[in-house]
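>>> build me a structure from this.
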Amino acid sequence: MTGLLGSLAHETGADDTVREIAQQPRVWREIDGIVTASRAELDAFLRPPAARVVLTGAGTSSYAGQVLATTLTRRLGLRVDAVATTDIVADPRGCFAEDLPTLLVSFARSGDSPESVAATELAGQCLSDVRHLVITCNAKGRLAQEHSGRAGSYVLLMPPASNDRGFAMTSSFTGMTLAALLALGGPAYAEVTGRLARAAERIIDDGTLDHGIEALLARDPERIVYLGSGPLRGLAAESALKTLELTGGQIVALSDSALGFRHGPKAVLNERTVVIVYVSNDPYTRKYDQDILAELRATMPPGSVIAVGGAPDEGSWPLDGVEDVEDAALALPAVLCAQLIGVKAAVLRGIRPDNPFPSGEVNRVVHGVTLHRLQH
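Take a look at the predicted model:
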């Protein structure tokens, strides 16, 4: 581990977060092996296919579903929806209004958030036919314990190292996203893990983004906007959350789609805003990303609008070796940009990335949620 991440490894209060960012290529390869070894069991569990797949989780875990939904819809030829557990718990009858045979895919780092188990229980109350694929990093979490060995449930455990100890989810997010892509997408992704891992290693070990990140943070931004289209819209949301969490809210970060940003949210721009646009690998979608890049670069200060993607252009941070992967896969190495921005920005402001909220107003595992009984 060299360059920017290597220097951050020596910062007090960044130990867990830096280690968990750096371990991602290794964790991804381990997950590939886990899914490969589980292939026969997974295929048997997933037959016959459901009429609807719901990808669910809270916070970062919900963004995993947003990254994957449209890609899996195309790959499976099924209806795939990303619905947060927080939405399911608040409005279960609305989220499960159609009583269709459903596969509920639950993403959870700890599995101990109040909504995690509640969402699976509410699905059982509202649907007459539901199966549960639980993808979690914590074998001892309540979600894994509730569904292990249960008929109609399959628990896919991630490597123990992916159960991030740091405040913000990093390797747990990318690991669970990859696991679902491999588990549900099937043989089409047999070769993708190695390519994604090598792209991430170039960022971590070769420092291909170090100069760009240092230059961006030298601008001392007070606001960072992340934009992405299609599956990269979910990546933009996760990126904004990483910046907001790791800096303890000192940098205001928000996200939108390339097209949606013009419809009001563009009002956030000021002289201390930087914009990062994740550029799609899809030739059609990429045109809209390039349009917003050109528009913003024409009006904002030089160097304040960055393109991140497989195809390099002037003012871009290229991700080598992933120029032709699907956007859901591209999101994995791309999110390292936001992870590194967040942890470096925190250190520059004297914030401990491992615990950016020492007074406890925001917690690693959410608590304080009152779960109300659903009346039939």
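>>> show me what contacts the nearest residue to residue 316 once chain neighbours are set aside?
Once flanking residues are discounted, residue 316 sits nearest to residue 307: 4.0 Å by C-beta to C-beta, 6 or more residues apart in numbering. In this view, the C-beta of every residue, glycine as well, is placed from N, C-alpha and C. Contacts of residue 307 were listed using C-beta atoms under 8 Å, 6 or more residues apart in numbering, and they are 277, 279, 289, 293, 313, 315-317.
>>> now the phi/psi pair for residue 307, please.
In terms of degrees, to the nearest 10, the main-chain angles of residue 307 are phi -100, psi 130.
>>> strands of the stretch 101-250 of the chain, start to end?
Remark: strands of the stretch 101-250 of the chain, listed N- to C-terminal, are 102-108, 130-136, 153-157, 223-227; assignment by DSSP state E, counting those that start in this stretch.
>>> quick one: the helix ranked longest in the chain to strand 223-227, angle?
Ranked by residue count, the top helix of the chain under DSSP state H comes out as helix 327-348. For helix 327-348 against strand 223-227, the angle by axes from the mean of the first three to the mean of the last three C-alpha atoms, to 10 degrees is 170 degrees.
>>> residues of helix 327-348 that come out buried?
For helix 327-348, the buried set under the neighbour-count rule, 16 or more other C-beta atoms under 10 Å, comprises 327-347.
>>> list the contacts of residue 350.
When the contact criterion is C-beta under 8 Å, 6+ apart, residue 350 has no partners at all.
>>> repeat that for 10 Å
With contact set as C-beta atoms under 10 Å, 6 or more residues apart in numbering, residue 350 has these partners: 13, 248, 250.
>>> same thing with residue 256?
Taking C-beta under 10 Å, 6+ apart, we find residue 256 in contact with 225-229, 233, 236-237, 240, 262-266, 268, 292.
>>> likewise for residue 35?
Contacts of residue 35 (C-beta under 10 Å, 6+ apart): 42, 156, 178-185, 189, 193.
>>> which helix or strand lies directly C-terminal to the helix or strand containing it?
Per DSSP states H and E, residue 35 falls inside helix 24-37. On the C-terminal side of helix 24-37, the nearest following helix or strand under DSSP H and E is helix 39-46.
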